[in-house]
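> Mind looking at a prediction? Sequence and model below.
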Amino acid sequence: MIALVWTANVLGWPILHIAIGFISLRVPPQVFVRDTWLTAPRSWEQDGHVYRDWLAIRKWKYLLPDGAPWLGGFAKKKLLSRNPTCIARFLIETRRAEIAHWFMLGCLPIFFIWNPPWARWVMAFYALAANLPCILAQRYNRLVFNRIARSRCRTFVRL
């Protein structure tokens, strides 16, 4: 029984990550054109200054893996071009990635079913450590690019 629990824990997370990533990449980009309640910028984020000043996100976000290219998606490590079309696509893909990571984090209660209480804490720590930095990086990047887009062209604001 213990081997089965360990196997479910060790293989469960990667399978969920890959499955949710794969499914999210198959959703049409039009779904992610606009912010939702979940992805909308919050006033407390201060246009990304909270992430930059308090969390020093620019110092560590490059360390995060970008799983989208592994599954045939849009690479978000670097902005390939500064043209408006590329920036708009980047914004869409940051929303897609943020929502995918929220779904991954939302799978945490599944692991509570078969794990003892101490292991639930381990699973919660892993889920937060694996997804929260990615969510923060996506939000920060989107806030920065929205700010750039607003300053360059007012048409991006309507995206």
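Done, it's in.
> C-alpha from now on. contacts and neighbour counts both.
Will do.
> So what's the gap between stretch 110-124 and the chain middle?
23 Å (CA atoms, centre = their mean, to the nearest Å).
> In it, which residues are buried?
Buried positions in stretch 110-124, judged by neighbour count with 16 or more other CA atoms under 10 Å: 111, 115, 120, 123-124.
> Sketch out the low-pLDDT regions of this structure for me.
1, 153-159 (pLDDT under 70).
> if we go to 90?
For the chain, applying pLDDT under 90 flags the ranges 1-6, 66-88, 145-159.
> Now the residue nearest in space to the middle of the chain: closest residue in space, sequence neighbours ignored.
Against the mean C-alpha coordinate of the chain, by CA atoms, centre = their mean, the closest residue is Glu98 at 3.0 Å. Counting by CA to CA, 6 or more residues apart in numbering, the nearest residue to Glu98 once its immediate chain neighbours are dropped is Ile135, at 5.1 Å.
> Could you report the neighbour count for the one you found?
22 (other CA atoms under 10 Å).
> Pro65: what's it in contact with?
Residues near Pro65 by CA atoms under 8 Å, 6 or more residues apart in numbering: none.
> State the three-state secondary structure for it.
Classification of Pro65 using DSSP: H, G, I helix; E, B strand; the rest coil returns coil.
> quick one: it from Ala3, how far?
Taking CA to CA, to the nearest Å as the measure, Pro65 and Ala3 are separated by 29 Å.
> Check Ala68 too.
Relative to Ala3, and taking CA to CA, Ala68 is found at 31 Å.
> Same question for Ile18.
From Ile18 to Ala3 the distance is 23 Å (CA to CA).
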